[in-house]
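S.K.: sharing a model prediction with you, sequence too.
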Amino acid sequence: MKAVPSSAQGPEPLPGSVPSSAHGPSDEDFEAVRRQLGRPPRGILEVTSRCPSGHPNVVKTEPRLPDGTPFPTLFYVTCPRLSGAIGTLEASGLMADMSERLQHDEELAAGYRAAHEAYLAEREAIAHVPEIQGISAGGMPTRVKCLHVLVGHALSRGRGANPLGDEAVDLMGPWWGRSACAPAGEQAPDAI
């Protein structure tokens, strides 16, 4: 298994995302993610995006978890505040609207397909997992079924990497709030 550096960071980071280094998570990062999730994290390769406070908000995961489970979600949202803001957008019906727009907006559909292909290529560069070959996450490339994945991808790779992820980040506004990070011990939902 080979690590892929974060040098693919887009030219413009999105609001609420501070680029992270291309090395594995530090002990402090691992502990912060454990607190965010309320359980030990699995298969973390690196922190790909941080809150303005410096805490992890998205991690890059192995395509096969240590227990052997195939895991298509390359960019996993860990920050409870970010996860909650994304959940609010999901509950608003935004995903159905985005999926509908993909059927009629050729430029949007092409950008979303490019995001899907880049996601697959980056994951394949880490490890080949036949069970998830050709399957990205979040509904890409034809529909939207999970904004967490799209936002994680956008925050990790910068503006332009995922057009619907960019849109969701912009709609959330300053999700990190005045304190710039979630309270200690607050948990993210397991459904991310």
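M.R.: Looks like it came in fine.
S.K.: mind listing what the residue nearest to the spatial centre of the chain touches?
M.R.: The C-alpha lying nearest the average C-alpha coordinate of the chain belongs to residue 152 (C-alpha atoms, centre = their mean; 1.7 Å). By C-beta atoms under 8 Å, 6 or more residues apart in numbering, the residues touching residue 152 are 48-49, 58, 73, 75-77, 165. (C-beta placed from N, C-alpha, C; glycine too.)
S.K.: repeat that for 6 Å
M.R.: Applying C-beta atoms under 6 Å, 6 or more residues apart in numbering to residue 152 gives the contacts 58, 75, 77.
S.K.: next, the nearest residue to it once chain neighbours are set aside: phi, psi?
M.R.: Among residues not flanking residue 152 along the chain, residue 75 sits closest, at 3.5 Å (C-beta to C-beta, 6 or more residues apart in numbering). Phi and psi for residue 75, reported as degrees, to the nearest 10, are phi -110, psi 110.
S.K.: where does this structure have low pLDDT?
M.R.: 1-11, 18-23, 178-192 (pLDDT under 70).
S.K.: what helices and strands are in contact with the top helix by length along it?
M.R.: For the chain, the helix with the greatest residue count under DSSP state H is helix 106-126. Contact partners of helix 106-126 among helices and strands, from 3 or more C-beta pairs under 6 Å, 6 or more residues apart in numbering; DSSP states H and E: none.
S.K.: contacts for it?
M.R.: For helix 106-126, with C-beta under 6 Å, 6+ apart as the criterion, the contacting residues are 4, 63, 74, 101-102, 136, 140-141, 162-163.
S.K.: farthest-apart pair in these, please.
M.R.: Greatest spatial distance among those (C-beta to C-beta): 4 and 101, at 30.5 Å.
S.K.: returning to that earlier point: is it fair to say the residue nearest to the centre of the chain lies in a helix?
M.R.: Yes. Membership of residue 152 in a helix is supported by DSSP: H, G, I helix; E, B strand; the rest coil.
S.K.: check the gap between it and residue 103 for me.
M.R.: 24 Å (C-beta to C-beta, to the nearest Å).
S.K.: just give me the neighbour total for the residue nearest to residue 152.
M.R.: By the measure other C-beta atoms under 10 Å, the count of residues near residue 75 is 28.
S.K.: so it makes contact with residue 156?
M.R.: Yes. Using C-beta atoms under 6 Å, residue 75 is in contact with residue 156, at 4.7 Å.
S.K.: need the residues touching each of these two.
M.R.: Between them, residue 75 and residue 156 share these contacting residues under C-beta under 6 Å, 6+ apart: residue 58.
S.K.: residue 47 contacts residue 29, correct?
M.R.: Yes. At 5.2 Å, residue 47 and residue 29 qualify as touching, with contact defined as C-beta under 6 Å.
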